[in-house]
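Student: sharing a model prediction with you, sequence too.
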Amino acid sequence: MRAKFDEQLAQLNDSLVEMGGLVQRAIADANRALTERDAALAKSAIAMDDDIDDQEKEIESMCLKIIMQQQPVAGDLRLVSSVLKITTDLERIGDHAADISEITLRLSGQPVVEMRDYFPQLADATARMVAETIEAFVKKDLDLAHSVIDSDEAVNGLFRKVKKVLVELIRQNADHSDQAIDLIMIAKYFERIGDHAANVAEWVIFSLTGMHKNIQVM
């Protein structure tokens, strides 16, 4: 009986890692599409959101099946319930990657405004958070999970810098205002991706310790 349970948990782990890989690809494609103003790549990133949604549904089904068949307790129950929460955040990250690409399609063909180095830094920082939080889950690495959470403040700081630059651009040149507003929205979506990555890290910590922020759950 336990052998079957362990097999189900291993499949669940593999499926979550696969979903994490899809999400990382969606972020990378969205970032590259934005940087290169590549409409075809933006459309590919948007289409990938359906694959991420399908993976979320499959994982949810696996979790419910495990709960009904195995009635897990203690650490096993924490793991399954954490996976359910993690997939929700990963799905939202996929949504934001699609949101970024939707705006990129509007921007394609327009002259590129100056974004300085902050914008690619913001995109790279959030992508790194997502990659590291998946790695923390796979390796059961508490230190790495805490590091991801700590990284969120740096991402927030980069967002504020990007926003400041773009607001100043609007002030100096009203002709760029529409594009600058779109870019602020994109920056906000990247910042939200960082928030969701931090949420995933919180659930990794919960799965390992039974602690979620300041609340202890048995």
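Tutor: That came in fine, so what should we check first?
Student: where do the strands sit along this structure?
Tutor: Assigned by DSSP state E, the strands in the chain fall at 211-212, 215-216.
Student: mean pLDDT lowest for which of these?
Tutor: Lowest mean pLDDT of these: strand 215-216, a mean of 57.
Student: contact partners for the nearest residue to residue 52 once chain neighbours are set aside?
Tutor: Spatially, and ignoring its direct neighbours in sequence, residue 52 is nearest to residue 94 (3.6 Å; Cβ to Cβ, 6 or more residues apart in numbering). Glycine gets a C-beta too; all of them are placed from N, C-alpha and C. By Cβ atoms under 8 Å, 6 or more residues apart in numbering, the contact list for residue 94 reads 22-23, 26, 48-49, 52-53.
Student: from these, list the buried ones, please.
Tutor: 22-23, 26, 48-49, 52 (16 or more other Cβ atoms under 10 Å).
Student: and residue 208, how many neighbours?
Tutor: By the measure other Cβ atoms under 10 Å, the count of residues near residue 208 is 18.
Student: from residue 75, how far out is it?
Tutor: For residue 208, the distance to residue 75 (Cβ to Cβ, to the nearest Å) stands at 8 Å.
Student: pull up the overlap in contacts between the two.
Tutor: Common neighbours of residue 208 and residue 75 (criterion: Cβ under 8 Å, 6+ apart): none identified.
Student: hmm, who's touching stretch 16-28?
Tutor: By Cβ under 8 Å, 6+ apart, the residues outside stretch 16-28 that reach it are 45, 48-49, 51-52, 55-56, 59, 83, 86-87, 90, 93-94, 97-98, 123, 126-127, 130-131, 134, 137-138, 193.
Student: among those, which lie within helices?
Tutor: Of the contacts of stretch 16-28, the ones assigned to helices by DSSP state H are 45, 48-49, 51-52, 55-56, 59, 83, 86-87, 90, 93-94, 97-98, 123, 126-127, 130-131, 134, 137-138, 193.
Student: returning to that earlier point: okay if I get the contacts of residue 94 as a markdown table plus distance to residue 15 and pLDDT?
Tutor: Shown next, in a markdown table, are the contacts of residue 94 (distance: Cβ to Cβ, whole Å; pLDDT from 0 to 100):
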| residue | distance to residue 15 | pLDDT |
| --- | --- | --- |
| 22 | 11 | 94 |
| 23 | 13 | 94 |
| 26 | 17 | 93 |
| 48 | 16 | 94 |
| 49 | 17 | 95 |
| 52 | 12 | 96 |
| 53 | 14 | 96 |
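Student: and those residues, which is closest to residue 118?
Tutor: Ranked by distance to residue 118 (Cβ to Cβ), these are led by residue 26 at 21.7 Å.
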